[in-house]
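> coords please:
(2 chains)
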Number of protein chains: 2
Amino acid sequence: MKTVSIIGLGLIGGSFGLALRKNMPGVTRLGVDQNEKNAQKALELGIVDDIVDEAEAIRRADLIILATPVDSLATLLPKYLDGIQKHQTIIDAGSTKEAVLDAVKNHSNRSRYVATHPMAGTEYSGPEAALSNLFEGKCCVFCDIQNSDDAAVETARKMYRSMGMHFSELPGADHDLHVAYVSHISHIASFALALTVLAKEKEEEQIFELASGGFGSTVRLAKSNPETWIPIFRQNRDNVLDVLDEYINTVSRFRSLLIKQDFNTFFQLIEQANEIRRIIG
Amino acid sequence: MKTVSIIGLGLIGGSFGLALRKNMPGVTRLGVDQNEKNAQKALELGIVDDIVDEAEAIRRADLIILATPVDSLATLLPKYLDGIQKHQTIIDAGSTKEAVLDAVKNHSNRSRYVATHPMAGTEYSGPEAALSNLFEGKCCVFCDIQNSDDAAVETARKMYRSMGMHFSELPGADHDLHVAYVSHISHIASFALALTVLAKEKEEEQIFELASGGFGSTVRLAKSNPETWIPIFRQNRDNVLDVLDEYINTVSRFRSLLIKQDFNTFFQLIEQANEIRRIIG
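Next comes the predicted model:
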């Protein structure tokens, strides 16, 4: 692998650029971003070696990484696949998978595409937020790989492995349901918490003086960029709605226990919630 | 100040002990804990210089720190105040204030008590979780100080200042409402999130493989100890219920926007939530 093109130079695309420089130093990195300022910033930060136009990026690359907001993938991916050669591989890094998989399922070059989701991110966005170790120690999910050429899958694995990722495989539909649980609902819970407290702040100015570490970690995700997240919620709406209903039921259960002053059951529920220690250490 | 007694040697009491050793090294620290194992552990960890019985701890101390679960304060504080001398000061570190303030409002030695809440904690509990720098850089709220002697307030301030805290003042009732917003509701949001995802895990084993950093920070508080938190929810029930209603309304608003596919309003709400950056940096 000599040349990698990164389409979209935000937090994720930028982190690919920095991680490639660190872990595969012989590779030439070409970058594309429709926002000229982002593109120049990425060049300054050493995220890519060169900014080129889309056609050149696709033509010259051994591996093309799509790191644009998820609603653009169903348009960009078929177009890029149209012109792709047999030695080239395209991957995406999107947080939702069903829509993009559906958009290319009958494409004649489908097998050169590998659907991947490196499960990593922060609440910040743009090339300035990129981190060379963002992917280190994290899980990358490969979806529906039976529809990708083995060589294309191996190209993607090789790059992710160099960045310190481990792998998981899921059908696209399962992936989208799972991320609704472990990622998308966390964001809504956090947005809602931020809005609840910000609304109160209008009456009670001192309220945030008391905010300590616990509050900060719970609302951290509320800083996340709507440009990234609205496309995700749009594409994963049905799954997110299902999980949101369960979440509202659970929160409402705490409300009803408080109303009834049933602190024994409340205690047991906290003990059950404590089992999360098993997962997050 | 020569001798400080710490009643309750968990995360908070233990952190007082370690912070005193670090910042006021000449002070003798006496400890009391009804759990014999906790008491011995605290001694081993250097949290206190000696374990004594309750009567001795009260008799010998210049400053008594109450760091037991909040439901015990309304019983312990009046009893300790009964036997206190004019040169002694008692403070508590509880997360709710109205009930304890009410329990001593007509006590003849009320003025030797200073109601304080150092806004600091972690999701862990017990003396092993104690940290010498837990309070550093955080805010300590003093409640209803017009009912405390100036000298007693100054004794408390001096100790907290040595630990690197800054101060805020609030009436007890306002304090309890504010902490419902910036602390108690975060815990319920986090407990509910943990339960929602743990319930799904029973069907979908792989679900937590995909959990990344964002999920971890949002459910961190779900590891919190029910022994600490049930008394808090019991004492602050009415405020927590009010805030919980607002939180459920806000989460439900996101649900209704998803149902209607009104992603423009959803986008605006995320932008509003992003204002939390102003607070948590």
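> all strands of the stretch 51-200 of chain A, in order?
In the stretch 51-200 of chain A, the segments counted as strands under DSSP state E, counting those that start in this stretch are A:63-66, A:89-92, A:113-118, A:139-143, A:166-170.
> need these in TSV (columns: distance to residue A:218 and mean neighbour count).
Quick note: C-beta positions are derived from backbone N, CA and C, even for glycine. Formatted as TSV, the strands of the stretch 51-200 of chain A follow (distance: least, CB to CB, whole Å; neighbours: other CB atoms under 10 Å in any protein chain shown):
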stretch	distance to residue A:218	mean neighbour count
strand A:63-66	32	24
strand A:89-92	30	26
strand A:113-118	24	25
strand A:139-143	23	22
strand A:166-170	27	16
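> I'd like these written out as CSV, with mean pLDDT and distance to residue A:236 added.
Output for those, formatted as CSV (pLDDT from 0 to 100; distance: least, CB to CB, whole Å):
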stretch, mean pLDDT, distance to residue A:236
strand A:63-66, 98, 18
strand A:89-92, 98, 15
strand A:113-118, 98, 12
strand A:139-143, 97, 14
strand A:166-170, 96, 14
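> CSV for these, including distance to chain B?
What follows is the strands of the stretch 51-200 of chain A, written out as CSV (distance: least, CB to the nearest CB, whole Å):
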stretch, distance to chain B
strand A:63-66, 19
strand A:89-92, 16
strand A:113-118, 8
strand A:139-143, 5
strand A:166-170, 5
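> quick one, which of those strands is nearest to residue A:222?
Closest approach to residue A:222 among the strands of the stretch 51-200 of chain A (CB to CB): strand A:113-118, 22.4 Å.
> domain ranges for chain A, per the record?
The record's domain split for chain A, according to automatic domain parsing, is A:3-170, A:175-280.
> what sits against the residue of the stretch 1-150 of chain A found nearest chain B?
In the stretch 1-150 of chain A, the residue found nearest to chain B is residue A:119; the distance is 4.3 Å by CB to the nearest CB. Residue A:119 is in contact with A:138-141, A:183, B:210-212, counting by CB atoms under 8 Å, 6 or more residues apart in numbering or on different chains.
> over to residue A:153?
Neighbouring residues of residue A:153 by CB under 8 Å, 6+ apart: A:114, A:142, A:145.
> identify the residue nearest the last one in space, chain neighbours excluded?
It refers to residue A:145. Of all residues not flanking residue A:145 in the chain, residue A:153 sits nearest, at 5.3 Å (CB to CB, 6 or more residues apart in numbering or on different chains).
> low-confidence stretches in chain A?
Along chain A, the model assigns pLDDT under 70 to no residue.
> what about the residue nearest in space to the middle of it, distance to residue B:125?
Nearest to the geometric centre of chain A sits residue A:95, at 4.3 Å (CA atoms, centre = their mean). Between residue A:95 and residue B:125 the computed distance is 35 Å (CB to CB, to the nearest Å).
> likewise residue A:4?
According to CB to CB, residue A:4 and residue B:125 sit 48 Å apart.
> please apply the same query to residue A:251.
To residue B:125, residue A:251 is 24 Å away according to CB to CB.
> more crowded one of those two?
Legend: neighbour count by other CB atoms under 10 Å in any protein chain shown for residue A:251 and residue B:125, higher for residue A:251 (24 against 20).
> for the more buried one, what are its contacts?
Residues near residue A:251 by CB under 8 Å, 6+ apart: B:188-189, B:192, B:244, B:247-248, B:251.
> switch to 7 Å and redo it
Residue A:251 is in contact with B:188, B:192, B:247-248, B:251, counting by CB atoms under 7 Å, 6 or more residues apart in numbering or on different chains.
> so what's residue A:134 closest to, chain neighbours aside?
For residue A:134, the spatially nearest residue (CB to CB, 6+ apart) is residue A:15, at 3.9 Å.
> pretty sure the one you found contacts residue A:136?
No - applying CB atoms under 7 Å as the test, residue A:15 and residue A:136 come out as separate, 10.1 Å apart.
> please say which of these two ends up with more neighbours.
residue A:15 (27 against 14).
> which of the three states applies to the more buried one?
Three-state call for residue A:15 (DSSP: H, G, I helix; E, B strand; the rest coil): helix.
> surely residue A:61 touches residue A:4?
Yes - using CB under 7 Å, residue A:61 makes contact with residue A:4 at a distance of 6.0 Å.
> for the helix ranked longest in chain A, buried residues please.
Scanning chain A for the longest helix, with DSSP state H as the assignment, gives helix A:237-260. Buried positions in helix A:237-260, judged by neighbour count with 16 or more other CB atoms under 10 Å in any protein chain shown: A:237, A:239-240, A:243-244, A:246-248, A:250-251, A:254-255, A:257-258.
> and the gap between the residue nearest to residue A:134 and residue A:8?
Using CB to CB, one gets 11 Å for the distance from residue A:15 to residue A:8.
> then residue A:165?
Look at residue A:165 and residue A:8: by CB to CB, they are 19 Å apart.
> these two - which one has more neighbours?
Using other CB under 10 Å, the more surrounded residue of residue A:165 and residue A:8 is residue A:8, with 26 against 21.
> I figured the more buried one hits residue A:68, correct?
Yes - at 3.7 Å, residue A:8 and residue A:68 qualify as touching, with contact defined as CB under 7 Å.
> quick one: contacts for residue A:99?
A:74, A:235.
> okay, helices next: where are they in chain A?
A:11-23, A:36-44, A:54-60, A:70-82, A:98-103, A:150-162, A:172-179, A:185-201, A:213-219, A:226-235, A:237-260, A:263-273, A:277-280.
> any idea how far residue B:185 is from the residue nearest to residue A:145?
As judged by CB to CB, residue A:153 and residue B:185 stand 45 Å apart.
> mind checking the domains of chain A for the one nearest to residue B:83?
In terms of CB to CB, the element of these nearest to residue B:83 is domain A:175-280, at 31.7 Å.
> can you tell me the distance between the two ends of that closest one?
In domain A:175-280, first residue to last residue: 20 Å (CA to CA, to the nearest Å).
> mind checking how far residue A:260 is from residue B:19?
With CB to CB as the criterion, residue A:260 and residue B:19 are 40 Å apart.
> with residue A:227 instead?
With CB to CB as the criterion, residue A:227 and residue B:19 are 44 Å apart.
> the two: which is more packed in?
A count of neighbours by other CB under 10 Å puts residue B:19 above the other of residue A:227 and residue B:19, at 25 against 14.
> identify the residue spatially nearest to the more buried one, adjacent ones excluded.
Nearest non-adjacent residue to residue B:19 (CB to CB, 6+ apart): residue B:163, at 4.6 Å.
> which residues sit in contact with the one you found?
Residue B:163 neighbours (CB under 7 Å, 6+ apart): B:19, B:23, B:135-136.
> quick check: phi and psi on it?
Main-chain torsions, residue B:163, degrees, to the nearest 10: phi -90, psi 0.
> how about residue A:67?
According to degrees, to the nearest 10, residue A:67 has phi -130, psi 40.
> touching, it and residue A:17? I think so.
No - using CB under 7 Å as the test, residue A:67 is too far from residue A:17 to be in contact (9.4 Å).
> neighbour count for the two, which is higher?
Counted by other CB under 10 Å, residue A:67 and residue A:17 do not tie: residue A:17 has more neighbours, with 28 against 24.
> what's that one in contact with, if anything?
Counting by CB under 7 Å, 6+ apart, residue A:17 makes contact with A:6, A:29, A:31, A:42, A:47-48, A:130.
> which ones among those residues are found in strands?
A:6, A:29, A:31 (DSSP state E).
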